[in-house]
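[1] I need the structure of the sequence given here:
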Amino acid sequence: MVYYLIVCRSLTYAQRTHAALERAGITSHILRAPKVIDQEGCSHAVKVSERSLADALLTLGRVGLTPKRIYIMASDGSYKEVLL
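    Purely as a prediction, here's the structure:
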């Protein structure tokens with residue numbers, strides 16, 4: 001299955017992102033950003049399914065939470081940045 005990682009600037013923003021998505025009925029999970037995509041060394045990410053990304057971005061826009069970066073996580077374990 002394909003997932004997206006919404007990279008947040010801190011754990012607090014990841015928690016706020018996760019909470020906003022859960023309130024909207026979108027399943028998400030908080031995790032440390034993998035080393036291959038974590039440029040600052042302290043980022044956290046929120047993982048959402050491929051089918052939930054559009055709704056997640058709309059929800060985050062409504063509550064004023066802007067993702068730092070978004071990556072697609074393929075089933076083979078690779079990551080590619082998604083440009084919005």
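[2] Would you state the strands of the protein in chain order?
    3-8, 29-32, 44-49, 69-73, 79-82 (DSSP state E).
[3] so which of these comes closest to T17?
    With C-beta to C-beta as the measure, strand 44-49 is the member of the strands of the chain nearest T17 (4.8 Å). Placement of C-beta: from N, CA and C, glycine included.
[4] That closest one pairs with which strands, parallel or anti?
    strand 3-8 (antiparallel), strand 29-32 (antiparallel) (DSSP bridges).
[5] among those strands, which is the most enclosed?
    strand 3-8 (a mean of 23; mean count of other C-beta atoms under 10 Å).
[6] Run through who's touching that strand.
    14, 17, 31, 33-34, 37-38, 43-50, 53, 56, 60, 67-73, 79, 82 (C-beta atoms under 8 Å, 6 or more residues apart in numbering).
[7] now it: how far from the chain's centre is it?
    Between the mean C-alpha location of strand 3-8 and the chain-wide mean there is a distance of 2 Å, by C-alpha atoms, centre = their mean, to the nearest Å.
[8] taking the mean pLDDT, what do you get for that strand?
    Over the span of strand 3-8, the pLDDT mean works out to 92.
[9] ok so, going back, of the strands paired with strand 44-49, which approaches L21 most closely?
    Across these, closest to L21 is strand 3-8 (C-beta to C-beta), at 8.8 Å.
[10] ok and that closest one relative to strand 69-73, angle-wise?
    160 degrees (axes from the mean of the first three to the mean of the last three C-alpha atoms, to 10 degrees).
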